[in-house]
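A.B. asks: next comes the sequence, and after it the predicted model I'd like to discuss.
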Amino acid sequence: MKTSHLSLFLLLTFFLLPRLGQCQLFGPSFSACVLKAPTKRLEDVQKIAILKFDNESNFIIRKLGADFGDRLPDFMTAELIKDYRGAVERKIYMNKIPTNVFSVVERNQIDIILQEQGLSVSGAIDESKAVDIGKLLGVDAMVLGALSYNYEDETYTRDSKKKDGTVEVTYYRNRKLNASASMKIVSVQTGEILGTTNERVSKTDLASSKKGYPGTSAVKSPESLAENAYKDIALKLVNYFAPYYETTAINLRKVKFKDFKKDAKEANKLLQQGDIDKGYAMYKTIYDADSYNPIAAYNLGAIHEAVGNFKEAKKYYDIAYQLESDTKAFEKASQDAQEYADMMADFEAVGINIEPYEFDKSEKTLADQVEVKGSSSSRIAIFSAPDNKSEVLAKVPGGVDLPIIEKMKGWYKVRMITGAEGYLPEKDGKEK
């Protein structure tokens with residue numbers, strides 16, 4: 001992805017958060033790999049440089065241990081240049097967007113500038129010096145920080161009684177390493193600290209023996225444990241300011257109506273198996289048969305959200321909320337979907353074409369549909385005859401899809417959820 005797209009990409013800060021907590025225990029769920037926003041939005045930042053982290057470990061580790069202040073930036077860079085961080089191909093239904101949104105300066109370029117400025121490659125660099133270095137490197141932001149780690153070995157025994165009644169002693173050595181890092185992101189243009197975060201990770205390794213305490217070489221070395229710890233920390237630090245994919249639960253509501261329970265159960269099974277198109281088709285059939293069913297509308301919204309069709313997701317969430325306005329989860333889902341839709345609109349405004357997911361049209365839903373125009377809060381009349389002066393049979397909310405029985409000049413003959421037939425003015429409908 002071109003770096004010029006960065007500022008728009010980071011509008012994801014408030015978007016694409018998993019709604020696992022918002023729809024708790026409503027019913028079945030299926031998993032999908034969705035794009036998650038970074039914790040911190042970095043506006044107008046396209047190019048960054050990551051300085052060596054200051055090693056604040058104790059004296060012995062600094063002298064004898066590996067210097068992860070030099071290696072943590074490499075781990076972070078490796079994460080930042082991945083095309084689709086965290087993506088699980090078989091779980092991604094949306095059309096993918098790359099996550100490598102930053103241009104990252106190579107370490108040797110940073111070292112050259114430090115040497116030219118007479119700065120120690122291994123010394124701590126404060127924010128003001130970082131800004132000066134950033135200007136020479138031609139970057140928008142500098143990443144700097146500090147880290148430390150320590151470890152200790154614990155030895156202990158456990159007794160166990162054997163079948164013959166004798167007691168057997170097992171000797172253990174447990175090595176535990178605690179690693180931490182703090183990070184600052186500094187604007188080169190203003191010198192402002194754009195964001196700060198701290199991360200901590202622990203790693204352990206255990207060895208046992210029947211013949212006495214295992215030696216220190218029986219467990220993983222401190223360097224090996226620290227490397228694994230700082231790779232985890234690098235991922236957490238990068239997630240703080242760059243987007244990534246995460247597999248999460250897409251929660252559905254349980255269909256309560258007897259006539260649709262069997263179909264809904266089959267749809268849920270298909271979705272859990274990864275057959276998003278057939279699952280969608282079955283829920284669409286349920287919704288077409290009962291367009292005033294808030295649960296069917298909500299579940300269609302959730303499926304659209306899983307594939308990144310946020311405008312459609314909002315439409316169905318709005319219908320669900322309109323039909324059952326006392327359900328806060330419906331309202332929250334609609335608000336989130338609107339934010340997602342706004343994000344996509346921002347991409348499109350600068351020529352980044354994000355294609356919506358197209359469900360397989362060969363999967364059968366009901367017959368041709370007409371979408372009632374207007375918002376979910378509006379009410380559109382359905383007449384008893386193709387005449388505006390005829391009796392009004394019902395008033396339906398905008399956004400509802402109705403099966404078309406017959407199309408005629410100026411009118412659609414449609415079937416309503418009650419099974420009754422009526423006439424919708426052509427001007428009030430949009431054929432699908």
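C.D. replies: That came through fine. Numbers count the residues shown, from 1 in each chain.
A.B. asks: what about V255, how many residues nearby?
C.D. replies: By other C-beta atoms under 10 Å, the residues close to V255 number 24. In this view, the C-beta of every residue, glycine as well, is placed from N, C-alpha and C.
A.B. asks: ugh, wrong one, I meant S187
C.D. replies: Under the neighbour criterion other C-beta under 10 Å, S187 is assigned a count of 20.
A.B. asks: contacting residues for it?
C.D. replies: V45, V131, D140, A141, I193, L194 (C-beta atoms under 8 Å, 6 or more residues apart in numbering).
A.B. asks: now with 10 Å, please.
C.D. replies: Counting by C-beta atoms under 10 Å, 6 or more residues apart in numbering, S187 touches 42-45, 127, 131, 134, 140-142, 193-195.
A.B. asks: so what does it look like in phi/psi?
C.D. replies: For S187, the backbone dihedrals (degrees, to the nearest 10) come out as phi -70, psi 130.
A.B. asks: measure it to I50 for me?
C.D. replies: In this structure, S187 lies at 15 Å from I50, with C-beta to C-beta, to the nearest Å as the measure.
A.B. asks: do the same with N108
C.D. replies: N108 sits at a distance of 13 Å from I50 (criterion: C-beta to C-beta).
A.B. asks: which among the contacts of S187 count as buried?
C.D. replies: In the contacts of S187, burial by neighbour count holds for L42, V45, V131, G134, D140, A141, M142, L194, G195, counting by 16 or more other C-beta atoms under 10 Å.
A.B. asks: on that earlier part again, between N108 and I50, point out the one with more neighbours.
C.D. replies: For N108 against I50, the residue with the higher neighbour count under other C-beta under 10 Å is I50, and the figures read 28 against 8.
A.B. asks: measure how buried K96 is and give me the count.
C.D. replies: Residue crowding around K96 was assessed by other C-beta under 10 Å; the count is 16.
A.B. asks: which element is the closest residue to it other than its chain neighbours on?
C.D. replies: In space, and not counting its chain neighbours, K96 is closest to Y84: 5.9 Å by C-beta to C-beta, 6 or more residues apart in numbering. Per DSSP states H and E: Y84 is located in neither a helix nor a strand.
A.B. asks: so Y84 makes contact with M94?
C.D. replies: No: here Y84 does not reach M94: they are 11.4 Å apart, not a contact under C-beta atoms under 10 Å.
A.B. asks: ok, back up a step: can you redo the buried ones among the contacts of S187 as JSON lines with secondary structure?
C.D. replies: Rendered in JSON lines, the data for those read as follows (DSSP: H, G, I helix; E, B strand; the rest coil):
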{"residue": "L42", "secondary structure": "coil"}
{"residue": "V45", "secondary structure": "coil"}
{"residue": "V131", "secondary structure": "helix"}
{"residue": "G134", "secondary structure": "helix"}
{"residue": "D140", "secondary structure": "coil"}
{"residue": "A141", "secondary structure": "strand"}
{"residue": "M142", "secondary structure": "strand"}
{"residue": "L194", "secondary structure": "strand"}
{"residue": "G195", "secondary structure": "strand"}
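A.B. asks: just put those in TSV and tack on pLDDT.
C.D. replies: Output for those, formatted as TSV (pLDDT from 0 to 100):
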residue	pLDDT
L42	85
V45	90
V131	94
G134	95
D140	96
A141	97
M142	97
L194	96
G195	96
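A.B. asks: any chance of a markdown table for these, columns distance to P425?
C.D. replies: As requested, the buried ones among the contacts of S187 are exported to a markdown table (distance: C-beta to C-beta, whole Å):
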| residue | distance to P425 |
| --- | --- |
| L42 | 50 |
| V45 | 51 |
| V131 | 64 |
| G134 | 62 |
| D140 | 55 |
| A141 | 56 |
| M142 | 62 |
| L194 | 54 |
| G195 | 54 |
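A.B. asks: residues that sit against both of Y84 and M94, list them.
C.D. replies: C33, L35, Y245.
A.B. asks: contacting residues around the nearest residue to the first one once chain neighbours are set aside?
C.D. replies: Read it as C33. Spatial nearest neighbour of C33, excluding adjacent residues (C-beta to C-beta, 6+ apart): K91 at 3.9 Å. When contacts are counted by C-beta under 10 Å, 6+ apart, K91 is found next to F30, S31, A32, C33, V34, Y245, E246, T247, T248, G274, A306.
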